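Participant: Fold the stuff below for me.
(3 chains)
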Amino acid sequence: MTQTTTSSTERLVAGRGIGGFGERHFKYTVLAPAIFILLLIGLFPLVYSLIVSFQRVTMMSADTSFAGFANYAKLFADARLWESLLHTAIFAAIALPLELVLGLAMAQLFLERMPGRQVFVALLVLPTVISPIVAGANWRLMFDHRFGPINQVIGWFMGEPTPILWIINPLTVYPAILICEVWQWTPFMFLILLAALSNVDKSLTEAAEIDGASQWRIFTRIVLPAIWPVMAIAILIRGLDLVRLFDIVWSLTRGGPGTMTETISYYTYVQGFSQFEISYTAAMAFLVVALLTVIVTLALKRMGIAR
Amino acid sequence: MTSAIARRRARLALRYAAATIVTATFVFPIYWLFMTSFKTPEEIFASPPQWYPGSIQFQNFNVLFLDGDAIAVWNSLVTAGISTVIAMFLGTLAAYSLARFKTGGDNLAVWILSQRMMPPIAIVFPVFLLYVWLGWVDSFIGLILLYTAFNLPYVIWMMRGYIGDVPLELEESAQVDGCTRWQVLLKVVFPLVRSGLFATAVFTFVFAWNEFIFALVLTRTEIVTYPVQVTRYFGGQSNFWAKIAAMSVLGTLPIFIAVAMMQRYLVRGISMGAVKG
Amino acid sequence: MSKKLIGILVAIAIIIVGGIVIYNQQQEAVRIEAEQMAAAQATAEAEAAAKAAEEAAKMAEEAAAAAASAMDAADRAVEAAKQYAGTTITITWEAGLQSLDPLNFSGPKWKELTGIDVKVVEIPTAEMFTKTMQEFRASTGAYDALNVIPAWMPDLANAGALEVLDPYVDKYGFRDELQMIAPTYRDNQMTVDGKIYGFPDDGDVFVLYYRTDVFGDPANQSEFKAKFGYDLAPPKTWQEFRDISGFLTEKFQPNMYGAGFFREPPYVMYMFQERFRNEGGKFFDPETMAATINSDIGVRVFTEMRDENKMMPPGVETWGFVENLAAFLNGQTAMTISWPPYGRWAAGYGLEQEAFSWVPKSQVAGKVGYALPPGGHPQLAAGFALSVASTSKNKDAAYLFIQWLNSEQTSKQRVQLPYALRDPFRTSHFESAEYIGRWPEAKQYLDTLKAGAETGLLDLSLLQTDKYEEALRQAISRLWAGEDPKSILDQAASQWDATTQEVGVDAQKAVYGSWAAKSGAYPR
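Facilitator: Take a look at the predicted model:
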């Protein structure tokens, strides 16, 4: 084996070690099982997808002959695919800022100590830990135009019964999904931002206040820069989740009406598991992974959190 | 002076009012879910809707137990529970290696994190084919391994941060006392990062508990988890809302209980994850 | 060191993974070869078996005639199945009401007779094809017997997911009773390329239900005649339907509307197929295989369907099977089109199921007439056949269960279960004195079902049928969302064309040709 290049920390710890084979390779021994599992479940599927994406496997035939880039070429002509990407982008572009702003406002509200704050926070965590499938199913019942409370409440305000068909009407189906999504994940943003806000140095804001700075100025000049690193991570996490949006769509609209609310994840599922276009699905999965990699890399660079 | 106090009081009252409205809005759908599970079918399908059941009755739950559908909650418990334990153990070991020895440098750490970003839909098909080949479809081992793999990056990432905070001197003095590496790890490090372990475990568990795509594709009859079971009540000739609501509540209650018990860790887990990056 | 080690690790992983992939593919190749050989063998065997069976059948017929009085197909199945006592078979069934039959009646009874446990796997309709196919690909043997919608049978059979049943039919003496299934179902929903893959088990057909009291009311009759110049009677054409439902809606809303239909795309997909063909539409150009659903006829049907929603209760676009039933039983709608169970429930027969607990007790019992839907050629929509999964590890037991279910003796009880969704499909069911005595109008009901079966239209069934159906379901969902009918149908047609291209125009043309040659493909 080659000479180990040890870091200072390692030398500090390992140097006092007793030595021996088990000890020397300790750092690899403890790492190996995790890496093995990650390779098996993380890397293997990608390699396999890559191979299959150049073949012609469908439901009817297990034709593994080389298809060249046929499946990839098909991607570009598949309008439904690009539409589903667009839908995904729309969901992300609306839900993310909404969750962020609402979460921030709520965090401000609960920032100052008040008796019973614990209880409020405990209750607000609940939507986030519910299964998205259950959330979607529940909202579907709530949106029902006869048996659900949403139309009933709107009817009270309008003064007459409102027959809004939330899931059928293209104008309301996006709001319906977004409401469910925002309901479920705003509390997540809220918790993160609450923690971040609590860590902001009070003396800075107080000093600025004494200097007569406006609340808005204090927020944009002191608070926002202080919480930005945390916020950036939160945006990244949620952004990635939104790209994978699947469960809520599944239980709320099944991609309908038509294909109007199909997300990229949903469409990939349809191609893979209901139409069994196996090779094509593999190509599509690869496109998604490639797109995500680009987006994440860019985002990390932009936000300055790549380390 | 008095006016200042009065103003502060008014402000507090206003904040309470706002807090109550916000919380009520967010809790209302959960309230609706629970109430629906106690309603009779007539009450579920009442128009205009009834905001609370005439009486609390458990018929909807009884049906689930009589049909044997309630076993889905047990299946979820097994898969989520075991995969959490395994992921926590292996992940913490790996994190220790990364944090203490900088094994693989930042590149390995970033590669591990990037595994978390993989959309499930991109790997579910190859995994399905792999499992067909291994005979792991509809088996606990398959699902547990998958959830373990999917949670590992998160566990490693989080635990790396916590372990980094453990003072090195403690480990060193333990070694001086003659502890082997393993003993140091088990007797010194693990106890010191206990709260981090809990915080991470809660999230790992919640993720595995609520997971849907993998379970949808990889379960048939034997190990159907509860989110998949819920979707089975859709369609047919109507949506069986009584069963949907009851099954949802059965599956949601354990999570609520876990969250209530782990409240402290949970909030820290969410915020630490972000703060530590 | 560390970088190097990671490099080695990754290299090892790639080698392992590569090895797995290559091995897997070889396995696959071997499997495919074996499958093809098995298939060829099976074909040869089946042919030989068929010939032998023909002769045997002739001889057996005479012998059977004597023996039949002692033992029928159901008894034979039970006797043969006793050797499998203590095992468990799994059968897929449509989730919901459909499953009450095996859960409450046939499953427990089979267990009592043979000692074999029946496990019912409920699957939502929309996922039945997917799950069946997925399971076949996974080959875990999780399903033994299957419920199959006949339109998918060619796809499932071609893929190899279904067991050829001919050898079993001969082995367990079921051929005679199979012949007694009503001709439409027997001839169209049982075989693929001459081999039996499933037993038609559900006489699904659309029926027009109308309120005899409303249609018979003298005031309504005279008003209607004055306005339209012909007698108020169940509509024979869609134009008449619009006249009548418009007239009634205008007169009685909001207490009653002229009509109400279920509008969920999976169901409407069948209604569209029916109406399109009744109006003279053809699905494809038989020469080029170009989709012709976007013809003027298709666009007109779509436009009319959308416009007719205005004559129906508000929110009808969201109605499913049970919502529509509730409205009709409640007296809220004067006409509806649906599957046969509506007729039984409307008569007040068997509504005490949990799923119906919010459905009002029938307020229209005794006031319901039955007729063929406008155009006179109802769709034999969906329906179910019973099959054996090729991946089953317990094929004989699975087969015997479905033979017993499908037999004269058992099926007659099953189609009369109050909660049944299985509808009469044997000639004897239509003529059963017991059934006719169930409610006063039952004879008229059974006659209508029989007439429907005779003039009915088959679901479109091609290679990869599900893709064609999916395009239609989407189109309908977009229709309710308010898009332009012509552009929706143009898009659906181009989706059809793309699928046809994928499948292969010639292959699909041959399949379509033989489908279109069937008596129930297009109205005659």
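Participant: Domain parsing of the chain, as residue ranges.
Facilitator: Assuming you mean chain A. Listed domain ranges for chain A are A:8-44, A:75-303 (source: automatic domain parsing).
Participant: nope, chain B
Facilitator: Taken from automatic domain parsing, chain B resolves into B:2-57, B:68-276.
Participant: Name the stretch among these that sits most buried.
Facilitator: domain B:68-276 (a mean of 21; mean count of other C-beta atoms under 10 Å in any protein chain shown). Every C-beta, even on glycine, is put in place using the N, C-alpha and C of the backbone.
Participant: Centre of the chain to it, how far?
Facilitator: 7 Å (C-alpha atoms, centre = their mean, to the nearest Å).
Participant: Could you confirm whether that domain reaches chain C?
Facilitator: Yes: Domain B:68-276 reaches chain C (C-beta under 8 Å from any C-beta of the partner chain) through B:102-105, B:107-108, B:128-133, B:135, B:137-138, B:217, B:220-222, B:231-240, B:242.
Participant: For chain B, give me its nearest residue in the stretch 401-524 of chain C.
Facilitator: C:Leu421 (7.4 Å; C-beta to the nearest C-beta).
Participant: on that earlier part again, let's have the domains of chain B in a markdown table, adding distance to chain A and mean pLDDT.
Facilitator: Formatted as a markdown table, the domains of chain B follow (distance: least, C-beta to the nearest C-beta, whole Å; pLDDT from 0 to 100):
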| stretch | distance to chain A | mean pLDDT |
| --- | --- | --- |
| domain B:2-57 | 4 | 90 |
| domain B:68-276 | 3 | 87 |
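Participant: of all those domains, which lies closest to A:Ile295?
Facilitator: For these, proximity to A:Ile295 was assessed by C-beta to C-beta; domain B:68-276 is nearest, at 9.5 Å.
Participant: Against which helices or strands is the helix or strand C:Glu274 falls within packed?
Facilitator: Secondary-structure assignment from DSSP states H and E places C:Glu274 in helix C:265-278. Helix C:265-278 sits against helix C:296-308, helix C:465-480, with contacts defined as 3 or more C-beta pairs under 8 Å, 6 or more residues apart in numbering or on different chains; DSSP states H and E.
Participant: give me the number of residues near the closest residue to C:Gln508 other than its chain neighbours?
Facilitator: Among residues not flanking C:Gln508 along the chain, C:Thr500 sits closest, at 5.1 Å (C-beta to C-beta, 6 or more residues apart in numbering or on different chains). The number of residues packed around C:Thr500, counting by other C-beta atoms under 10 Å in any protein chain shown, is 24.
Participant: so what's C:Thr500 up against?
Facilitator: C:284, C:289, C:291, C:508 (C-beta atoms under 8 Å, 6 or more residues apart in numbering or on different chains).
Participant: quick check, nearest of these to chain A?
Facilitator: Of all the contacts of C:Thr500, C:Gln508 has the smallest distance to chain A: 11.7 Å, by C-beta to the nearest C-beta.
Participant: how about that closest one, phi and psi?
Facilitator: Per-residue torsions, C:Gln508: phi -70, psi -40 (degrees, to the nearest 10).
Participant: tally of neighbours for it?
Facilitator: 21.
Participant: Can you verify my assumption that it contacts C:Ala290?
Facilitator: No: if you go by C-beta atoms under 8 Å, C:Gln508 and C:Ala290 don't touch, sitting 11.3 Å apart.
Participant: For the closest residue to chain B within chain A, I want the exact helix or strand it lies within.
Facilitator: Residue of chain A nearest chain B, by C-beta to the nearest C-beta: A:Ala195 (2.8 Å). Secondary structure assignment for A:Ala195, by DSSP H and E: helix A:170-198.
Participant: same question, C:Ala81
Facilitator: helix C:73-81.
Participant: Packing partners of that helix?
Facilitator: Packed against helix C:73-81 by the contact rule (3+ C-beta pairs under 8 Å, 6+ apart) you find helix C:107-114, helix C:395-406, helix C:408-414.
Participant: Tell me the helices and strands packed up against the following helix or strand past the last one.
Facilitator: It refers to helix C:408-414. Where DSSP H and E defines the elements, the next helix or strand beyond helix C:408-414 is helix C:427-431. For helix C:427-431, the packing partners by 3+ C-beta pairs under 8 Å, 6+ apart come out as helix C:408-414, helix C:442-455.
Participant: Just put these in TSV and tack on distance to chain A, mean neighbour count and mean pLDDT.
Facilitator: As requested, the helices and strands packed on helix C:427-431 are exported to TSV (distance: least, C-beta to the nearest C-beta, whole Å; neighbours: other C-beta atoms under 10 Å in any protein chain shown; pLDDT from 0 to 100):
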stretch	distance to chain A	mean neighbour count	mean pLDDT
helix C:408-414	30	19	95
helix C:442-455	30	20	95
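Participant: now the ones you listed as JSON lines including distance to C:Ala85?
Facilitator: Below are those laid out as JSON lines (distance: least, C-beta to C-beta, whole Å):
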{"stretch": "helix C:408-414", "distance to C:Ala85": "18"}
{"stretch": "helix C:442-455", "distance to C:Ala85": "37"}
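Participant: what residue ranges in chain A score low on pLDDT?
Facilitator: Within chain A, the set of residues satisfying pLDDT under 70 comprises A:1-24, A:59-61, A:303-307.
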